[in-house]
Every structure is written in structure tokens, then in C-alpha cells.
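[1] Give me a 3D structure for the following:
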Amino acid sequence: MKIGILKEPKGEARVALLPEAVKTLLSWGTEVIVESGAGQGSFVSDGTYETTGATIAPREAILTTADMICCIQSLSTSEISQMKSSAVLLAQMGALYNLDLTKFLLEEKRTAFSMELVPRTTRAQSMDVLSSMATVSGYKAALLAASSLPRFFPMFMTAAGSITPARVLVIGAGVAGLQAIATAKRLGATVYAFDVRRAAKEEVLSIGAKFIDVEGAKEDKGAGGYAVEQSEEYIQKQKDTIHEHAQKADAIITTAQIPGRKAPLLVEERTVLAMKPGSVIIDLAASSGGNCALSQPDQTIEINGVRIFGVDNLATQLPQDASKMYGKNYLNFLKLIIKDGAIHLNFEDDIVLGTCVCHAGEAKSPRVAQILNQS
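    Residues are numbered from 1 along each chain as shown. Below you'll find the model as predicted:
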């Protein structure tokens, strides 16, 4: 069995599997071929891959000969068409919203796994790439906020006088939010956090932040730990509360997202206009619609002295550790579908089933099947 590792597109410095992960794959009785330059963004040379036992090959050769293709960003339909009909594709395809690609995979009777579909269960935690990359993004978001402010994060007592700590508001206390809170606290800021999930309150308080309560949130135990859509009355109440706290904040970090849906709008234009000049907003949800009304994906804009960073894929800015974490997630998942050096798909396993976009012309993931039925 031949596993191919591809170089990611421009702007993506991570690689799906580092040499240490390749070494593990080879111990399972597989052959690994790596596209030349695949590890360059993570400061790993082709020679390092070759030292572990991998073969370096051009992209076309990998696409046309590999039994399994591993990458982070999804491939184009033209590249998927070059793959062997029996080959398995593993990537983050955005299968719940990139429906044109999902339908193409179905029509072509391809076998594809989209890693953002890994179930949010205890057993699947070690395979959850979204959580791993959210950890990296939350950490980097706090650093970006600190480096972008025209003032210090921590309190200082100096001969020139006292400097009060920066005030940071984190919206969304999932994995990214909690890491942003923890990092901002370590940097010395005073941190406030908001989340619609009551379960998040204890976690926020445990790492030293102050929790902002807005009563009346709707929760769903079957949502896998994610927030769910709220009533119009509650949404307006939370916007008003955020507006009040935002006026006092030096930095806002937003991380609130709902899988398969547009990100909830939580920071209105009026809120941005009411913020202090020199303050910043780091919107980690910019690519899915944005938590801030004025944020633009992959752009930094300034409104009334407030800088808004519409950041997407902050994890690629820490490629070495991000790739290491991503590769570990991949290996833990691959253990489920590689047996004795060959591909073995057991759809009775809830993780294999839940992550599989399609196989033999059939949508396997219940979440994908539901979205397709609604489209």
C-alpha cells in the first residue's frame, strides 16, 4: 500500500505528516511517497523525509499512483480526477458547506474522509484536528492581540508611574477561546469571557478569567460541545451585553462558530464605533461569515481607530508544532483504517462512519447525508 503526502497550496505552511509520523507509517508495512518541498514551510527538507525511508516524488506521480492521499487543504476536482479510482483521500474538505465538492466526490464514486467531521466524542479526541488547530489559533490570536495594541498587556510598576493591565474580551470559550484566555492571562491581561454554553463558565473561571453571564441561552447536549442557534430575543440580549463590555476592552478575540452554518454575528458595527481608538479585534470566525460585522476574511482593516483582523488559519503561522499535532491526529485516525499494511474500512466504527464523506457513491457520514437531503 502506497501513501502519498502532498505539498500544501501557497499560504499554507503546514504539512499533513512530518518525518516522525512517516516513520510510524512505514512500521505498519506501508510505502510512503512525499511531494518534493512538502515540508519546506515547516522547515523540513526532502532529505529528512528520505532519511526516514520515504520516497520523494513529483505531485503528478503521487496523485496517479498512491492508494491513499493525505493532505490538509482539499484538492481541486481536476486533481481528484487524476487519482486512482480506488484511492482514498484524507483532507479537510469542509464537506458540510462545500457541497459542490461533496457532490462531485459522490458522482465520481470516490472514497473520501473529511477530518473536520471527526465526531466530538471522548474516544475520538486524539483524532480531532479542529481541536488541535483551535489550540494553536487561540494561542496565536492572543499573541497577535498583544503585539498589535499600542500599549502593554501586563501591569507595570515603574519609576515613570504605574501601567494598568490591558482588558481583553474573549467571545466563545471553546478550545480556541480557552487557549486565548489562558495565553492572555499569562501575558498579564485582565480577561473577560462570554459563551452561550453554561458548561463553559467553570472552565473560564478555572483559568482566572471573569465570565460574562447572559441568561436564557438554549443548549443542546447532542451538539457535541458546540453552541447552537439561539432565539432572536437572546441574540439581541447578548449583543447588548457584548456592546457594553466592548467599550471598556482594549482587545476582543472572537471564536464563536456553529458547524455547517454562518458564524453568529456578535460584534455589531455600533459596537466597533463605540470602542476605544487603538483597540483591536481578532476575528477567528472571519472565514465563516465573521463574529464582527465589519471583519473581512484574510484582511486587516481600520475603522474609527479600531483595527479588525479577519484572520483565517492562524495555525499555519506556527507550522512546526501545528504539523506535529495534525500528524498525530492523522496517525490516530489511520490506525482505524489501516490493517496489516492495507486499507480496511469498517463502517460499523462510529468514527470511521462519521468522518467518511462518501464511499462507492454513497454519503456515509450522517451529517453529510442530512445536509445533502436538505440542499
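
[2] Leaving aside the residues adjacent along the chain, what's closest to residue 306?
    residue 275 (4.9 Å; CB to CB, 6 or more residues apart in numbering). Glycine gets a C-beta too; all of them are placed from N, C-alpha and C.

[3] tally of neighbours for the one you found?
    Residue 275 has 24 neighbours, counted by other CB atoms under 10 Å.

[4] doesn't residue 307 make contact with it?
    No: Residue 275 is not in contact with residue 307 according to CB atoms under 8 Å; the separation is 10.2 Å.

[5] those helices in the stretch 51-200 of the chain, which residues are they?
    Ranges of helices in the stretch 51-200 of the chain, per DSSP state H, counting those that start in this stretch, are 59-65, 77-82, 99-107, 129-148, 175-186, 199-206.

[6] wait, what's in contact with the residue nearest to residue 306?
    By CB atoms under 8 Å, 6 or more residues apart in numbering, the contact list for residue 275 reads 246-247, 249, 252, 281, 304, 306.

[7] ok, back up a step: deepest-packed of the helices of the stretch 51-200 of the chain, please.
    Stretch with highest mean neighbour count among those: helix 175-186 (a mean of 24; mean count of other CB atoms under 10 Å).

[8] Please enumerate residues in contact with it?
    Contact with helix 175-186 is made by 130-131, 134-135, 137-139, 141-143, 145-146, 153, 168, 170-171, 173, 191, 193, 195, 200, 203-204, 207-209, 251, 253, 255-256, 284, as judged by CB under 8 Å, 6+ apart.

[9] same thing with stretch 314-324?
    For stretch 314-324, using CB under 8 Å, 6+ apart, the contacting residues are 11-18, 20, 39, 41-43, 132-133, 136-137, 139-141, 144, 284.

[10] Low-confidence regions, the protein specifically.
    216-230, 260 (pLDDT under 70).

[11] Got the domain ranges for it?
    For the chain, automatic domain parsing gives the domain ranges 2-109+320-374, 134-317.

[12] which one of the ones you listed lies closest to residue 125?
    domain 2-109+320-374 (9.1 Å; CB to CB).

[13] Just the terminal-to-terminal distance for the closest one.
    Start-to-end span of domain 2-109+320-374 (CA to CA, to the nearest Å) is 37 Å.

[14] Now residue 89. Nearest residue, chain neighbours left out?
    Per CB to CB, 6+ apart, closest to residue 89 is residue 112, 4.5 Å.

[15] Could you report the neighbour count for the one you found?
    Counted with other CB under 10 Å, residue 112 comes out at 29.

[16] bridging residues for it?
    Under the criterion DSSP bridges, residue 112 forms beta bridges with residue 89, residue 358.

[17] Redo the helices of the stretch 51-200 of the chain as a markdown table? Include distance to residue 157.
    Shown next, in a markdown table, are the helices of the stretch 51-200 of the chain (distance: least, CB to CB, whole Å):
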| stretch | distance to residue 157 |
| --- | --- |
| helix 59-65 | 57 |
| helix 77-82 | 58 |
| helix 99-107 | 56 |
| helix 129-148 | 19 |
| helix 175-186 | 19 |
| helix 199-206 | 27 |
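
[18] Which one of the ones you listed lies nearest to residue 312?
    If you check each of these against residue 312 by CB to CB, helix 129-148 wins as the nearest, at 9.4 Å.

[19] ok and the closest one relative to helix 175-186, angle-wise?
    Helix 129-148 and helix 175-186 are oriented at 30 degrees to each other (axes from the mean of the first three to the mean of the last three CA atoms, to 10 degrees).

[20] in terms of contact count, name the helices or strands touching helix 129-148.
    Applying 3 or more CB pairs under 8 Å, 6 or more residues apart in numbering; DSSP states H and E, we find helix 129-148 packed against helix 175-186, strand 251-254, strand 280-283, strand 306-310, helix 319-337.

[21] hang on, the earlier thing: pipe the domains of the chain into JSON lines and attach distance to residue 126 per row.
    Shown next, in JSON lines, are the domains of the chain (distance: least, CB to CB, whole Å):
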{"stretch": "domain 2-109+320-374", "distance to residue 126": "4"}
{"stretch": "domain 134-317", "distance to residue 126": "13"}
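
[22] can I assume residue 280 is in contact with residue 149?
    Yes: with contacts counted by CB under 8 Å, residue 280 reaches residue 149, the gap being 6.1 Å.

[23] residues shared between the contacts of the two?
    250-251.

[24] Who has more neighbours out of those two?
    Taking other CB under 10 Å, residue 280 and residue 149 do not tie; residue 280 has more neighbours (24 against 18).

[25] With residue 30 as the reference, measure out to that one.
    Distance of residue 280 to residue 30, computed by CB to CB, to the nearest Å: 46 Å.

[26] In the helix or strand that contains residue 370, which residues are buried?
    In this assignment (DSSP states H and E), residue 370 forms part of helix 366-374. For helix 366-374, the buried set under the neighbour-count rule, 16 or more other CB atoms under 10 Å, comprises 367-368, 371-372.
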